[in-house]
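K.L.:
test case, fold it:
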Amino acid sequence: MKKTILLSAMTMIIAFNVSANEFPEWRMNPQAELEDGLIAGVSCVESMGDMTLDMDVAAMEARASLAASLEAMVQKDLETNRSSEKKKIVTADRKDNVVTTTITAKSTTKQLTNQLMKYTWVSESVSVEKDLDEYLCTRVVAKLPEFVVE
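P.N.:
As a prediction, the model looks like this:
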């Protein structure tokens with residue numbers, strides 16, 4: 001009986017350590033297990049010993065990663081579809097409130113990306129212990145924007 005309990009306890013400890021030592025799947029694939037219509041940016045930072053600071057840095061870096069993806073999308077649309085027609089970018093915040101941004105002839109990629117970044121949020125943060133180091137991995141998401149001609 002004691003051997004069974006000891007074996008069960010050791011199995012649970014080993015299983016816990018394995019899961020605590022693994023980075024989340026979305027670290028290498030930000031879109032992993034993400035709802036349709038969302039886009040993500042990810043960052044894993046080495047712990048600096050202050051969880052608040054770690055969370056701020058990880059979220060900032062994940063937002064920068066997401067901004068780069070959104071900027072590429074906006075840039076591609078502006079380059080391929082620049083016309084005299086009025087267009088809007090339609091997206092939503094985390095509560096599904098629809099948000100629209102009008103694209104004018106003077107709109108820049110940076111301006112439009114900054115507008116879209118207002119509607120991002122942290123969806124997940126995971127603390128990971130790998131060897132002797134600790135990391136905080138954070139995923140920031142946004143609704144995929146739609147480019148609509150009026």
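K.L.:
which intervals of the protein have sub-threshold pLDDT?
P.N.:
1-20, 81-85 (pLDDT under 70).
K.L.:
packing partners for whichever helix in it runs longest?
P.N.:
For the chain, the longest helix by residue count, based on DSSP state H, is helix 51-81. With contacts defined as 3 or more C-beta pairs under 8 Å, 6 or more residues apart in numbering; DSSP states H and E, helix 51-81 has these neighbours: strand 38-46, helix 109-117, strand 121-130, strand 133-143. Yep, even glycine has a C-beta here, placed from its N, CA and C like the rest.
K.L.:
which element is residue 48 on?
P.N.:
Using DSSP states H and E, residue 48 falls within no helix or strand.
K.L.:
and it, what does it touch?
P.N.:
By C-beta atoms under 8 Å, 6 or more residues apart in numbering, the residues touching residue 48 are 54, 57.
K.L.:
thinking again about what came up before, now the longest helix of the chain against strand 121-130, angle please.
P.N.:
Interaxial angle of helix 51-81 relative to strand 121-130 (axes from the mean of the first three to the mean of the last three C-alpha atoms, to 10 degrees): 130 degrees.
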